[in-house]
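[1] with the input below, show me the fold.
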Amino acid sequence: MSENTEAAVRRTQIQVDGEPASYLTARQDGPPVLLLHGTYWSRVWFSVLSHLAEAGLRPLAVDFPGTGRSGGELTPETATVPALEDWVTRFVSALKITGPIAVAGHDIGGAVAQHLLVHDRLPIFRLALVNSVLYDSWPAPHVARLLTPEAIAATTADE
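    As a prediction, this is how the structure comes out:
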């Protein structure tokens, strides 16, 4: 990628639920493309943002609450797919996006994207899943057992 193209990518934020919601974008006009991350944060989408902008799209790679540079905290309650689905709808509303939107989801972001589509929460006209978990597969049973208060306390006792 050229330096000029990479310079077009910028980080900005908007308030959602009284907390800053940070996101990467590369353009203010064009059809919006919402990019939902997985385990890490919006930075996983960095390499595609300028390409999407060059194609005439408005990429929006958001950090879920408590991840990346967004405020808030992820808890066992707020990190569920349905809770993140609700939060994403509030994020899109805060951006005042009302028309059709494309959504891409990676990892757990893919499960959130599927929920948004299936529950008709946003007017999604395109959906892309990248190494995504399935609709209701998070948390996976082998991970869910670790989310009990006792298991969390046991894993953080040595910190």
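
[2] please name the nearest non-neighbouring residue to residue 23.
    residue 62 (4.2 Å; CB to CB, 6 or more residues apart in numbering). Where C-beta positions appear, they are placed from N, C-alpha and C, glycine not excepted.

[3] all strands of the chain, in order?
    10-16, 19-25, 32-36, 58-62, 101-106, 124-130 (DSSP state E).

[4] can you give the strand pairings for the second one, parallel or anti for each?
    Using DSSP bridges, the strands paired with strand 19-25 in its sheet are strand 10-16 (antiparallel), strand 58-62 (antiparallel).

[5] any idea how far residue 54 lies from residue 16?
    Look at residue 54 and residue 16: by CB to CB, to the nearest Å, they are 28 Å apart.

[6] one step back: is the residue nearest to residue 23 in a bridge, and if so with what?
    Under the criterion used (DSSP bridges), residue 62 bridges to residue 23, residue 36.

[7] tell me the contacts of it?
    By CB atoms under 8 Å, 6 or more residues apart in numbering, the contact list for residue 62 reads 21-23, 34-37, 42, 70, 88, 91.

[8] with residue 55 instead?
    Counting by CB under 8 Å, 6+ apart, there are no residues that residue 55 touches.

[9] show me where this structure dips below the pLDDT cut-off.
    Scanning the chain for pLDDT under 70 picks out the ranges 1-7, 135-159.

[10] now do 80
    1-7, 27-28, 39-40, 134-159 (pLDDT under 80).

[11] can you give me the helices in it?
    For the chain, the helices defined by DSSP state H occupy 3-7, 46-54, 81-94, 108-118, 141-144, 149-156.

[12] and the closest residue to residue 116 other than its chain neighbours, how far is that from residue 61?
    Nearest residue to residue 116, sequence neighbours excluded (CB to CB, 6+ apart): residue 122, at 5.2 Å. Here the criterion is CB to CB. By it, residue 122 lies 16 Å from residue 61.

[13] what's the answer for residue 96, then?
    Distance of residue 96 to residue 61, computed by CB to CB: 18 Å.
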